[in-house]
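> What would the 3D arrangement of this be:
(chains A and B)
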Amino acid sequence: MLPLLPLLVLLLSFLAGSSQTVVSGKVKDNRGRPIQGASITIKDTYDGATTDSLGAYHFKTTEKGEQIILTTSIGYKIQEQKLTISGAAMQLDIVLKQEPNELTAVTITAGSFEASDTKRATVLNPIDIVTTASANADVTGAIRTLPGAQQVGESEGLFVRGGTAQETKVFIDGTLVNNFFFSSVPDIAQRGRFSPFIFKGTVFSAGGYSALYGQALSSALILESVDLPEQSSASVGISTVGLNAGFQQLSKKKNASWGVNYSYVNLIAYFAAVKQRPDNFKIPAFHNGEVNFRIKTSKTGMLKFYGYFNFNKLGLRRPDIDSIDLKNAFRLTNFNIYGNLSWKEKLTNKWHLYMGASYSTNTDKIGNELQDQYNAPVMLSVEPYDTKSFQLKTNGDLAQIKTVLERRLYGLSAIRFGGEYMYFTDKNIFLNEYATNDISTADDHFKAAFAEADLYVTNDLAAKLGGRFEHSSLLEKSNLVPRVSLAYKVGNKAQASLAYGIFYQKPEKDYFLRGYAYNDLLYTKATHYIANYQKISKDYTLRIEAFYKKYHDLIKTYGNNNNGMIDSIGNGGFGDAKGIELFWRDRKTFKEVDYWISYSYLDTKRDYLNYPYAIQPNFAANHTANLVVKKFVAKWKTQFNGSYTFATGRPYYNIRYNNSSGKYQIADQGKTIAYNNLSISVNYLPTIGNTKARKFVVWVFSVNNVLGSDQVFGYNYSYNGLRKDPILPTARRFFFLGCFLSFGVDRSDDVINSNL
Amino acid sequence: MTKMFFVLLSLAIASQGIAQSEKFTKAMTTTITQMDSAKTADDMLAASAAFERIGDAEKNQWLPYYYASLSQVIYAFMKNDMSNNDALAGKAAQLLDKADGLQPNNSEISCVKSMIATLRMLVNPQQRWQQYGATIQQELDNAKKQDPTNPRPYYLQGQNLRNTPEQFGGGCNSAKPLLEEAKKKYEAFKPASTIAPNWGRDQVEKTLASCK
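As a prediction, the model looks like this:
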């Protein structure tokens, strides 16, 4: 009998095979909407079907008994369910659950603008930074066209929502950057030190930023450096301001790379061609070097190093405001080194690790000299001339380490926590008529611990809850702050968000280095409330944001005469800022034209420094608007960029000490003329899209303030208050012309070329 | 008696094996026909799902996954909603990975890899050209190396150039030599079996005709 068994089985299965069962039904999502294109399968068989536009399916099967039905559709979780097939026609309706998806889920956006390649919900991408006409390839120049940022021409940094430049901090790969901008020169805004090409992602938070960052009352600019290059390459560039050359080598296995860059900037030719208002007796010259390496430590791990060094010198002379025949000669020598090492790794499916360490040292040698008509030094022992000549050497180092661990929870939810340690050492050596080698130092061991959770209640509702603890050894004080954001999807591609947070910042290092008297300095403090609505599609971005920010414990300075000397400081300052901001970007309406409009309304008052009471600070304009336009003309291989910025006038004050009342008071005040700036830039890319080209060429031409509109950034007052001089840009317009070439060393298409 | 048992048993297993492979070939042939005659994007998606079912049931055949991925890519092109390409390309890549795991270094698979990169590039050509352009080229080069007789990488490259604006080095003039090369290779090309990849011949003719 035994041998007959397999035959019997075979026979039975054939018999069974001859009868077919029809299975049919509908596939819907959890809101009852039909899903088209879902695939239904009996596991491990060929049998199944795809749903039609009504979500309906039907198929025939010869399978019998208990089977597993698999249903899949892009964007939904795989559904597995048992079905016993008896032979009679079967009806099976299936409900699919949405898969948590970064592309469609709500994102926490209140307060921040993100520019990146990887996520879709971005407002700007990295290319935008280099093609914004007014930016001149400066990262912060492009950020200044976004709502929330002020147009301040006399001083570097980002002035955000009624905050000072010091209230915005910059982070590269997670760690704080000291001296992100070139060292200050009186009344001339400086550029950021770093090339926009080393960053692949930018988050500009105008408020309510994450608990992973701290010590910025107003805003955080979070930059992420690039990963491995696509291929090895060499580059050279020449422009009206200097030369640069670089090399990048990608390993054969494409798992590591290293590179070097060097640039030399000298404005001698430019200043000869375009007349400058100050007398530049030492033409600005900069040596910049960069080194980097990036190593893929595993399939998911990446180790990156970026090192930077800069040496620059400049000197400029301007008439002295207190006399007719004297001049002030300002000199600056800056030496800066910055190094950043970061490591990212996926430890397990759920755990991610991020570590970063950075070190920077910055030395500025600043000298100011009172000079006569023939540029010879003058010593006068009467006020205010006695304190005008001085020498200052400042040295600031920062070493820090930061660790963040991330644990993925269900769906897109995650919890992050970690800590950071920063060691600041600052030293000033000051020399003038009254002080000889006055050395002051300030060290701070700064520690912070933080935790943050992204909780996705559904794909449409998310909350970010965070807390941060900080301790500064310099202040001998700790703080603990909450940060909360909520985001809710209010329709297709639209969402509404709310954010609240408390932010602390220690007083600037200068307050500790200049010998002022104080007792028990506190952290300065700001509380943010933000409401936001945004709608982002492929072609349009609309964003409306309203904010209210309250300042507490701002630094007040006290003195007892008019020479600008400060005796003591305290935390008696306060203020607030509120406003509405609008952003609209449209890539579709006009053919091949991409434009954005931003508008900021700001209402702010503060009582800080020597202000007699709460007034609108001199860096705040009530209305600021930007129009940025980009058009690529394929026929000419040329991109045309234009930008127009308008800002209402900013207030200026002459705040003087009144001996009889023993207080500071406003002796004079006014408002500057409105700010107008039309800038254009043209990029010509003759080799774009040419796969046969061995070199890639970019020509850049740009003009800032094409119309030559008058721009006044404020006024300087003489000691006696009788004279005021406008603060003007160093030249009416700025021109730039450059040619940049890059050579792919390892050209994969050489193969094709030889085939053709 | 026991001998008899084993003979019968092996016969049963063998016949089932043949039946299985016949069933596979038949199902593949049917689904390839379904794919070739797909009139709408939805028909193409249905073919892709059918291929995936065959792949999942067979587990060690690369062709079903290859076709599932290819038809997913064509579905995306037929849909012509570039903003959704990332999700569709993701699905196609997932299917192709399975084929690649079963049949590494295959010229046909490299061709589909380049097509997936094309899909991803088209989401935002200005921004993504540099990244995905390199991948497209790399995969086509691989395909040529892996099987020099395969006409499809030449066809795809010609097609890509045909669709690239002239001022970017594309257009008919650049595409023609590649399409001619592809045509020559198609004439000599013999598919390995009835269900092995054998597509693109008509499209080459069409593209060439459009260039006249």
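> Near the closest residue to A:D44 other than its chain neighbours, how many other residues are there?
Excluding its sequence neighbours, the residue lying closest to A:D44 (C-beta to C-beta, 6 or more residues apart in numbering or on different chains) is B:A57, at 5.1 Å. From N, CA and C alone the C-beta is placed, and that goes for glycine too. Neighbours of B:A57 under the rule other C-beta atoms under 10 Å in any protein chain shown: 20.
> Please settle this for me: is B:A57 part of a helix?
Yes - the assignment for B:A57 (DSSP: H, G, I helix; E, B strand; the rest coil) places it in a helix.
> Would you check that A:T541 makes contact with A:K535?
Yes - taking C-beta atoms under 8 Å as the definition, A:T541 is a contact partner of A:K535 at 7.5 Å.
> And the two? Which one has more around it.
The neighbour comparison of A:T541 against A:K535 (other C-beta under 10 Å) goes to A:T541, with 21 against 15.
> Identify the bridge partners of A:K525.
Taking DSSP bridges, one finds A:Y504, A:H552 as the beta-bridge partners of A:K525.
> In contact with it, which residues are there?
A:217, A:502-505, A:551-553 (C-beta atoms under 8 Å, 6 or more residues apart in numbering or on different chains).
> on that earlier part again, mind pulling up the pLDDT for the residue nearest to A:D44?
According to the prediction, B:A57 has pLDDT 92.
> Distance-wise, check A:P384 relative to A:P612.
In this view, A:P384 and A:P612 are 21 Å apart by C-beta to C-beta, to the nearest Å.
> For stretch A:339-353, what is the spacing between the initial and final residues?
20 Å (C-alpha to C-alpha, to the nearest Å).
> and what of stretch A:202-217?
Taking C-alpha to C-alpha, stretch A:202-217 runs 19 Å from one end to the other.
> could you list every residue that touches A:K327?
Residues in contact with A:K327 (C-beta under 8 Å, 6+ apart) are A:279, A:317-320, A:370-373, A:375.
> whoops, B:T118 was the one
B:132, B:136, B:160.
> where does it land in three-state SS?
helix.
> Report pLDDT for it.
In this model, B:T118 carries a pLDDT of 93.
> any idea how far it is from chain A?
14 Å (C-beta to the nearest C-beta, to the nearest Å).
> ok, how many other residues are close to whichever residue of chain B sits closest to chain A?
Nearest residue of chain B to chain A, counting by C-beta to the nearest C-beta: B:F168, 2.5 Å away. For B:F168, the neighbour count with other C-beta under 10 Å is 19.
> Could you verify my assumption that it touches A:K635?
No - using C-beta under 8 Å, B:F168 makes no contact with A:K635, being 10.6 Å away.
> May I have the phi/psi pair for residue 180?
Picking chain A for this. Dihedral angles phi and psi of A:F180 (degrees, to the nearest 10) take the values phi -60, psi -30.
> try chain B instead
The phi/psi pair for B:E180 (degrees, to the nearest 10) is phi -60, psi -40.
> contacting residues around it?
B:E180 touches B:L208, counting by C-beta under 8 Å, 6+ apart.
> so the residue nearest the centre of chain B, which of the three states?
Compute the mean C-alpha point of chain B, and by C-alpha atoms, centre = their mean the closest residue is B:L70, 4.0 Å away. Per three-state DSSP, the local secondary structure of B:L70 is helix.
> What number of residues are in the vicinity of the residue nearest to it when sequence neighbours are not counted?
The shortest distance from B:L70 to any non-neighbouring residue, by C-beta to C-beta, 6+ apart, is to B:V112 (5.4 Å). Neighbourhood size, B:V112 [other C-beta under 10 Å]: 28.
> same deal with B:C211?
B:C211 has 14 nearby residues by other C-beta under 10 Å.
> What is the nearest of the contacts of A:K327 to A:R191?
Of all the contacts of A:K327, A:R318 has the smallest distance to A:R191: 20.5 Å, by C-beta to C-beta.
> quick one on the thing from earlier: could you export the contacts of A:K525 as TSV, including pLDDT?
Converted to TSV, these look like this (pLDDT from 0 to 100):
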residue	pLDDT
A:L217	96
A:I502	96
A:F503	96
A:Y504	97
A:Q505	97
A:Y551	98
A:H552	97
A:D553	97
